[in-house]
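Peer 1: Any chance you could fold what I've pasted below:
(chains A and B)
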Amino acid sequence: MILVEGRVFQLVWLIFFLGAVYVMIRRARAGLPIPEIRKIPGLEAIDEAIGRATEMGRPVHYSPGIGSISNPQTIASYAVLSYVARRCAEYDTRLIQTNRQITVHAVNQEIIKQAYLEAGRPDAYNPDDVRFLSTWQFGYTSGVLGIFQRERPAANILFGAFWAEAMILAETGHHVGAIQIGATANTAQIPFFVAGCDYALIGEEMYAASAYLSKEPVLSGTVVGQDIAKMVTFAFIILGFILEQVQGENNWLRVLFSK
Amino acid sequence: MFITAVSGLVVVFSRYFQLGEQWNLTTTLDRWSLVSAAFAIGLGLGNLTRIHYRNVKRRREHWPFSLYLIIVMWAYMILGLYQDVEGTHFRWIYDAVLMQLSATIYGIIAFYISSAAYRAFKIRTREAAVMMIAAVIVMFGVAPIGDAIWANWGKVSDWIMNYLNVAGRRGILLGAYLGSFAVAMRIILGLERAHLGGIGTGTTIQ
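Peer 2: Below you'll find the predicted structure:
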């Protein structure tokens, strides 16, 4: 058999997902109507946060979390960083960006430099404000705490994969009076962001950020495709629940999923 | 962008096709990624040294801390190269200083949780009230005093954690997995290029 046993259904599911996204992208490109992404207050608040920092003459702090470069949450944060950097360049507001992973640091440096260039302010880009602090989790955390106390940012944007440091960063940001936007898909940390931040993005909302911020129909199409897949998944869950009650453990859906 | 797309497709191919599994393509890619990450450590060292050297040179505020950082960082690295990572002094600094400092920072989370909980549990909305009630029940369920007040706190607490909490978490996880998958697809298809130093599809972000 050409396909790996036990993963056939997964591949079928992948093709379905690709198909749904492809159809939505085609519709968007053809100018046909596609459902709009609902309002996400956390993303709407980014401009408000940067505006506040500009008025107060204080910097904006941005953290992409402590995940590796291959973590999907880190990847999702690149688009938001790009947006934030561009806005900061336009408003002439200082952006302090801190990193735990050196590979992420290198990518973020390029993203910020490019954003300043696109905003027509390459001279305003300060490489010293894109900082690699430590590969050590709590070394990075204490580094950020030090920056909060010294530089007192007016806006704190935490967007990426966070673990135990989430609560410390959010609370310290609150104590220095920063308006805070927290986003993570790590379920254990979401309550901390909900409690500590002014705005929290939960799970999938952070993955829709690039489409939401760009207002680009093609990118929105991928989010709509994702939602279609989600609805079909929920339908399978309900169907699975019913079949488990009626047919027991050896129901046809379970057999299909194990193919 | 081409490299990103090919790498992504290689991983998909390795997962679903036997030939891909036999060729061990994912392991090879992982190894390449590890090698490039090891090189990147030098970048980090360079970045830290450059920033803090400038702080010292220009006598910026708190410059003595920058000097301290440069000395400690380079001294510890040289010690590690000289002694090996299992060397007595190298190991001692690691165990007696680094580990303790880490544990201290980790320990202060408890205080931060208390102050955040105080703000979060102020009953201003219906949702906050529900959260407050659930939190009180769970707290009584795990604290010894709960059992002394009413023997069934533990059962109610377990029910909240094992059913309501798990259902919510799984719902969020499901959305997050599909979301991360959509991001991966956007990158493989070249629709999202922020990681290459561009923005989205290259159009103006509004």
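
Peer 1: helices and strands around the helix or strand bottoming out on mean pLDDT in chain B, which ones?
Peer 2: Least confident element among the helices and strands of chain B, by mean pLDDT, DSSP states H and E: helix B:18-23 (a mean of 76). On a contact count with 3 or more CB pairs under 8 Å, 6 or more residues apart in numbering or on different chains; DSSP states H and E, helix B:18-23 meets helix B:2-16. The way it works is simple: take the backbone N, C-alpha and C, and place the C-beta from them, glycine included.

Peer 1: Identify the residues contacting residue 122.
Peer 2: Chain wasn't specified; assuming chain A. Applying CB atoms under 8 Å, 6 or more residues apart in numbering or on different chains to A:Pro122 gives the contacts A:113, A:116.

Peer 1: that's the wrong chain, I meant chain B
Peer 2: Counting by CB under 8 Å, 6+ apart, B:Lys122 makes contact with B:Ala128.

Peer 1: Torsion angles phi and psi at it?
Peer 2: Per-residue torsions, B:Lys122: phi -70, psi 120 (degrees, to the nearest 10).

Peer 1: per-residue confidence at it?
Peer 2: On pLDDT, B:Lys122 comes in at 77.

Peer 1: hang on, the earlier thing: let's see the least confident helix or strand of chain B as PDB, backbone CA atoms only.
Peer 2: The C-alpha trace of helix B:18-23 is given here as PDB (Å, rounded to 0.1, in the frame of the first residue of the first chain):
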ATOM      1  CA  GLN B  18       5.100   5.000   3.000                       C
ATOM      2  CA  LEU B  19       8.000   6.100   0.700                       C
ATOM      3  CA  GLY B  20       8.200   9.300   2.700                       C
ATOM      4  CA  GLU B  21       8.400   7.400   6.000                       C
ATOM      5  CA  GLN B  22      11.100   5.100   4.600                       C
ATOM      6  CA  TRP B  23      13.200   8.000   3.400                       C
END
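
Peer 1: Just after it, pick out the following helix or strand.
Peer 2: As assigned by DSSP states H and E, the chain's next helix or strand after helix B:18-23 is helix B:25-57.

Peer 1: So which bits of that following helix are buried?
Peer 2: Neighbour-count burial for helix B:25-57, counted by 16 or more other CB atoms under 10 Å in any protein chain shown, picks out B:25-26, B:40, B:44, B:47-48, B:51-52, B:55-56.

Peer 1: so which of those are also by chain A?
Peer 2: Filtering the buried residues of helix B:25-57 for proximity to chain A by CB under 8 Å from any CB of the partner chain leaves B:40, B:44, B:47-48, B:51.

Peer 1: quick check, nearest of those to A:Glu5?
Peer 2: Nearest to A:Glu5 out of these is B:Ala40 (CB to CB; 37.9 Å).

Peer 1: Ignoring the adjacent residues along the chain, who's closest to that closest one?
Peer 2: Spatially, and ignoring its direct neighbours in sequence, B:Ala40 is nearest to A:Ile102 (4.3 Å; CB to CB, 6 or more residues apart in numbering or on different chains).

Peer 1: doesn't B:Met73 fall inside a helix?
Peer 2: Yes. Using DSSP: H, G, I helix; E, B strand; the rest coil, the assignment for B:Met73 is a helix.

Peer 1: thinking it is in contact with B:Asn47, fair?
Peer 2: No. The pair B:Met73 and B:Asn47 does not pass the contact test of CB atoms under 8 Å, sitting 11.5 Å apart.

Peer 1: Could you pull up the contacting residues of the closest residue to chain B within the stretch 101-250 of chain A?
Peer 2: Closest contact between the stretch 101-250 of chain A and chain B, by CB to the nearest CB, is at A:Tyr207 (3.0 Å). With CB under 8 Å, 6+ apart as the criterion, the residues that contact A:Tyr207 are A:72, A:76, A:185, A:226, B:176, B:179-180, B:182-183.

Peer 1: Only whichever of those residues are buried, select them in ChimeraX.
Peer 2: Selection of buried members from the contacts of A:Tyr207 for ChimeraX, criterion 16+ other CB under 10 Å:
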select /A:72,76,185,226 /B:176,179,180,182,183
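
Peer 1: all helices of chain A, in order?
Peer 2: For chain A, applying DSSP state H gives helices covering A:8-29, A:41-56, A:72-91, A:102-118, A:137-151, A:165-175, A:190-196, A:204-207, A:209-214, A:217-246, A:252-257.

Peer 1: so where does the residue nearest to the spatial centre of chain B fall, helix or strand?
Peer 2: In chain B, the centroid-proximal residue (CA atoms, centre = their mean) is B:Tyr106; its distance is 13.8 Å. Applying DSSP H and E as the criterion places B:Tyr106 in helix B:99-107.

Peer 1: Enumerate the residues of the stretch 151-259 of chain A near chain B.
Peer 2: Residues of the stretch 151-259 of chain A lying near chain B (CB under 8 Å from any CB): A:164, A:167-168, A:170-172, A:174, A:185, A:187, A:190, A:192, A:194-196, A:202-204, A:206-208, A:210, A:213-216, A:218-219, A:222-223, A:225-226, A:229-230, A:233.

Peer 1: how about a cut-off of 7 Å?
Peer 2: Within reach of chain B by CB under 7 Å from any CB of the partner chain, the stretch 151-259 of chain A has these residues: A:164, A:167-168, A:171, A:185, A:187, A:190, A:192, A:195-196, A:202-204, A:207-208, A:210, A:213-216, A:218-219, A:222-223, A:226, A:229-230, A:233.
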